[in-house]
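Chemist: all I have is the shape, not the residue letters:
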């Protein structure tokens, strides 16, 4: 269990640990000096028992449940001190039932994370057109994914920008899958068991009932708006490219949101508060059964800190709305304002992928599309990775915090 806890920590600077000092001990609490300019923090006896290493089972799950002590007197603290990177608390005899050893310990690095404002190791960066022309564009070589340091570097780019270009990719489904597994397990959908191919020649339309399998242009969108849990990552590995056109388009929803915040705040509020319909008709390639997906969700979802958590948007898969005043006077003006920002040239980055190049897109933040094409065959091998699997990988390499 301790090995698992070590693996999921976000790094903490040494000087942060040196500033953690015990400044007071009472029977009911331990008082800590957290750092210069920070308020002192009181850790109650109940909190200390609830968060002690000794309260964890071998699975890292809680073994001592704080609710069990609600009907009894609070246990008493005798002493507390910092030594060897730990806070050590000694308990009075009345705590013997909860703490048979009489002492509990707390890792200072974990305490530092809990006592300071939450933050992740990589901050998200807004971007606009021209992203891949930057000196430090989010581009890595495929061999980087095969090393631990290279993987962390690639995931840092992906977390910061929501999009990553990988050069030197293999062309087969199996080899693509092997590299994707370094990021997260491919997600099965009704499109395929795991991996799929959007092979399309000009004028051709076959296979899945979706414009991705044609040669027409597709405006920026996110995939799976009709799923209750849309895909986390979209992988698009170029196996062959058309002679003309076929550029990939990517748009950062963070920039779209900031533009709306400045130019149309009422639209931003509408998109965050109003569930809209999303749908898909298809056939499951695995079972042959009909697929009828339908859900109502807002375009924007913000987290408790007010940061964008999910962007759900697809002009093609938006469901029907009832006619009337609300549609004409409320929905349509807000929808048009959103579409205008999404497709604004200043927001749209054009990326022409060549064979051996791959785009990894955070599907709940970055929109993707393509220009129309003709001449030859354009084929992308790809898959989805679930958001839980992707964020688990980020946490396992220290780029996102764990809450426990």
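Modeler: It's in. On a predicted model such as this, the values are computed, not experimentally measured, just so you know.
Chemist: quick one: contacts of stretch 180-195?
Modeler: Stretch 180-195 has contacts (C-beta atoms under 8 Å, 6 or more residues apart in numbering) with 145-146, 151, 155, 158, 173, 176-177, 208, 224, 231-233, 235, 282-286, 291, 360, 381-386, 389-390, 392-393. Using the backbone N, CA and C atoms, a C-beta is placed for each residue, glycine as well.
Chemist: flag every buried residue along that stretch.
Modeler: By 16 or more other C-beta atoms under 10 Å, the buried positions in stretch 180-195 come out as 180, 182, 183, 184, 185, 186, 187, 189, 190, 191, 192, 195.
Chemist: and it, how far from the chain's centre?
Modeler: Relative to its parent chain, stretch 180-195 has a centroid offset of 16 Å by C-alpha atoms, centre = their mean, to the nearest Å.
Chemist: isn't residue 223 right up against residue 235?
Modeler: No: the criterion here is C-beta atoms under 8 Å, and residue 223 misses it with residue 235 at 11.1 Å.
Chemist: just the contacts of stretch 180-195: which are in strands?
Modeler: 233, 235, 282, 283, 291, 360, 381, 382, 383, 384, 385 (DSSP state E).
Chemist: pull out the buried residues from those residues.
Modeler: Taking 16+ other C-beta under 10 Å as the criterion, what is buried in the ones in strands among the contacts of stretch 180-195 is 233, 235, 282, 291, 360, 381, 382, 383, 384, 385.
Chemist: how about those, which pair is most distant?
Modeler: Farthest apart among those by C-beta to C-beta are 291 and 360. That separation is 25.8 Å.
Chemist: still on that earlier bit, between residue 223 and residue 235, what contacts are shared?
Modeler: In contact with both residue 223 and residue 235: residue 384, using C-beta under 8 Å, 6+ apart.
Chemist: now do residue 314 against residue 166, distance only.
Modeler: 25 Å (C-beta to C-beta, to the nearest Å).
Chemist: these two: which is more packed in?
Modeler: Between residue 314 and residue 166, counted using other C-beta atoms under 10 Å, residue 166 has the larger neighbour count: 24 against 20.
Chemist: mind giving me the packing neighbours of the host helix or strand of that one?
Modeler: Applying DSSP states H and E as the criterion places residue 166 in strand 163-167. The contact analysis (3 or more C-beta pairs under 8 Å, 6 or more residues apart in numbering; DSSP states H and E) places strand 163-167 against strand 139-141, helix 148-161, strand 357-362.
Chemist: so residue 283 touches residue 291, yeah?
Modeler: Yes: if you go by C-beta under 8 Å, residue 283 and residue 291 touch, sitting 6.1 Å apart.
Chemist: what segments of the protein are helices?
Modeler: Assigned by DSSP state H, the helices in the chain fall at 2-7, 14-18, 45-50, 108-115, 148-161, 173-180, 253-263, 265-273, 325, 332-342, 387-396.
Chemist: how is the chain carved up into domains?
Modeler: Listed domain ranges for the chain are 2-114, 131-396 (source: automatic domain parsing).
Chemist: mean pLDDT lowest where, among these?
Modeler: With a mean of 77, domain 2-114 has the lowest mean pLDDT of these.
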